[in-house]
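> sequence below, structure please.
(one chain, ligands or ions: 3)
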Amino acid sequence: MPSITEDVSIGNLGSLQTLPDSFTWKFTSSDSAVEESVPVIDLFDPNVITLLGDACKTWGAFQISNHGIPQKLIDDVESLSKTLFDMSSERKLEAASSDKGVSGYGEPRMTPFFEKKMWCEGFTIADASYADHFLTLWPHDYTKYCGIIEEYKGEMEKLASRLLSWILSSLGVTVEDIEWAQNMSRGVIRLNHYPVCPEPERAMGLGAHTDSTILTILHQSNMGGLQVFREETGWVTVEPVPGALVINIGDLFHILSNGKIMSVVHRARVNQTRSRISIAYLWGGPAGDVEIKPISKIVGPVEPAIYRPVTWNEYLRIKYEVFEKSFDAIRVVNPTN
Ligand SMILES: C=C1C[C@]23C[C@H]1CC[C@H]2[C@@]12CCC[C@@](C)(C(=O)O1)[C@H]2[C@@H]3C(=O)O
Ligand SMILES: O=C(O)CCC(=O)C(=O)O
Ligand SMILES: [Fe+2]
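Ligands and ions are numbered 1, 2, ... in the order given. Purely as a prediction, here's the structure:
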């Protein structure tokens, strides 16, 4: 078939009729998803601590219901995202981030670590400069949209802290055992959009990765696409449960727990007929230059710390130098205590 050269830009993937070679991934039989599902945990369950602890140890990912986040707020962030991604490529690029780790429109930060391009576009809300981009995108509705984002951040931060203290309890520690508990930072929001794709079985929305966070709270609308990887099982699709949010354990929690809980490898697949939006709240924990390290109550002569202390910013720097080898970069070579 003669190939027509199409104009490929991150902002117009949804209009492409063929999958460009730079977006064509190779898949093997081990890439097919198996019939399994991650736990759905009701936060009102009297056994919530045990349930969360088990889910963290066996999966590193689970869904939560009765989380207390108003549905209206989630819907508002979703429709804000839709308005944004519906704009023309030119307008979206006016809000492009200058650097992939900071606020603005663009490709995921991890893009350079993959051979092929990912079928997605997104907007990162990391620092106050997102408001300048919002002003460019929505000169009239700017205040309203910034308000929605600030409210969402506030709610997510509270939920993240509740989850942290419950998961710590399951490990036999409390938030008081971590020095920085009084000094939590607000997390980063990443709005993800996966446009319709002409050949979803050969494309990838977001390549396999772990989040660098303590934990990530993800709203995946009513469209599935998220898959998590478990060593003994393989790829498992996280089916959307109406009203539920997905929690992914990130690298910093693995470090805090001295390796007791794992950060979950996950990815996003795409769809031929329907585009998909997801909203990730990536929670990095302590603000500023506070160091994150294996919790002192967990480590001791019997179980020495296997990782050295790192700040969130330092960890991000390491991650985006060595990507999947970041744990090796901070591992203590001869743990003694
Ligand atoms: C604060 C963060 C955390 C980042 C980098 C930076 C801003 C955007 C986050 C994400 C969002 C999408 C997946 C990921 C893997 C990516 O490429 O960008 C995330 C990454 C990480 O968790 O490492
Ligand atoms: O879109 C999804 O379901 C996954 C998003 C994700 O992994 C991320 O933003 O870090
Ligand atoms: Fe992720």
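> next secondary structure after the top helix by length along the chain?
Secondary structure of the chain read by DSSP state H shows that its longest helix is helix 142-170. Downstream of helix 142-170, the next assigned helix or strand under DSSP states H and E is strand 188-194.
> tell me the confidence at Gly284?
On pLDDT, Gly284 comes in at 87.
> for Ile178, same thing?
Model confidence at Ile178, given as pLDDT, is 88.
> how many residues are close by it?
Other residues within reach of Ile178 by the criterion other Cβ atoms under 10 Å amount to 21. (Glycine included, C-beta is placed from N, CA and C.)
> how about the longest helix of the chain, which residues are buried there?
142, 145-146, 148-149, 152-153, 155-157, 159-161, 163-164, 166-170 (16 or more other Cβ atoms under 10 Å).
> out of the residues you listed, which touch ligand 1?
Taking Cβ under 6 Å from any ligand atom as the test, ligand 1 is in contact with none of these.
> how about the residues of the stretch 201-337 of the chain by ligand 2?
If contacts are counted using Cβ under 6 Å from any ligand atom, the residues of the stretch 201-337 of the chain sitting beside ligand 2 are 206, 211, 218, 220, 225-226, 266, 268, 278, 280.
> let's see that with 5 Å instead.
Counting by Cβ under 5 Å from any ligand atom, the positions of the stretch 201-337 of the chain adjacent to ligand 2 are 220, 226, 268, 278, 280.
> secondary structure element for the closest residue to Ser221 other than its chain neighbours?
Sequence neighbours aside, Ile277 is the residue nearest to Ser221 in space, at 5.3 Å (criterion: Cβ to Cβ, 6 or more residues apart in numbering). In this structure, Ile277 sits in strand 276-283 according to DSSP H and E.
> and the next element down the chain from that strand?
On the C-terminal side of strand 276-283, the closest following helix or strand by DSSP H and E is strand 291-292.
> skip ahead from that next one and say which helix or strand is next.
Elements were assigned by DSSP H and E; along the chain past strand 291-292, the next helix or strand is strand 310-311.
> elements contacting the strand holding Ile277?
For strand 276-283, the helices and strands in contact under the criterion 3 or more Cβ pairs under 8 Å, 6 or more residues apart in numbering; DSSP states H and E are helix 71-85, helix 142-170, strand 188-194, strand 215-219.
> in TSV, list the ones you listed along with mean pLDDT.
Listed next are the helices and strands packed on strand 276-283 as TSV, based on pLDDT from 0 to 100:
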stretch	mean pLDDT
helix 71-85	98
helix 142-170	96
strand 188-194	98
strand 215-219	98
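> what's the closest of the ones you listed to Lys116?
Put simply, out of those the one that sits nearest Lys116 is strand 188-194, at 15.0 Å, with distance taken as Cβ to Cβ.
> angle of that closest one against strand 215-219?
40 degrees (axes from the mean of the first three to the mean of the last three Cα atoms, to 10 degrees).
> show me what strand 188-194 is packed up against.
Checked by 3+ Cβ pairs under 8 Å, 6+ apart, strand 188-194 has helix 71-85, strand 121-125, helix 142-170, strand 276-283 packed alongside it.
> just the CA trace of that strand, in PDB.
These are the backbone C-alpha positions of strand 188-194, laid out as PDB (Å, rounded to 0.1, in the frame of the first residue of the first chain):
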ATOM      1  CA  VAL A 188       2.300  16.800  40.700                       C
ATOM      2  CA  ILE A 189      -0.800  16.400  38.500                       C
ATOM      3  CA  ARG A 190      -0.400  14.900  35.100                       C
ATOM      4  CA  LEU A 191      -3.400  15.000  32.700                       C
ATOM      5  CA  ASN A 192      -2.900  12.300  30.200                       C
ATOM      6  CA  HIS A 193      -4.800  12.000  26.900                       C
ATOM      7  CA  TYR A 194      -4.600   8.900  24.600                       C
END
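> beyond it, next helix or strand please.
Next in line after strand 188-194, if elements are assigned by DSSP H and E, sits strand 206-209.
> what is that next one packed up against?
Under the contact criterion of 3+ Cβ pairs under 8 Å, 6+ apart, strand 206-209 touches strand 265-268.
> in a helix, Gly14, correct?
Yes. Secondary structure of Gly14, determined by DSSP: H, G, I helix; E, B strand; the rest coil: located in a helix.
> burial of the nearest residue to it once chain neighbours are set aside, as a residue count?
The spatial neighbour of Gly14 that comes closest, neighbours along the chain excluded (Cβ to Cβ, 6+ apart), is Pro195 at 3.1 Å. Applying the criterion other Cβ under 10 Å, we find 21 residues in the vicinity of Pro195.
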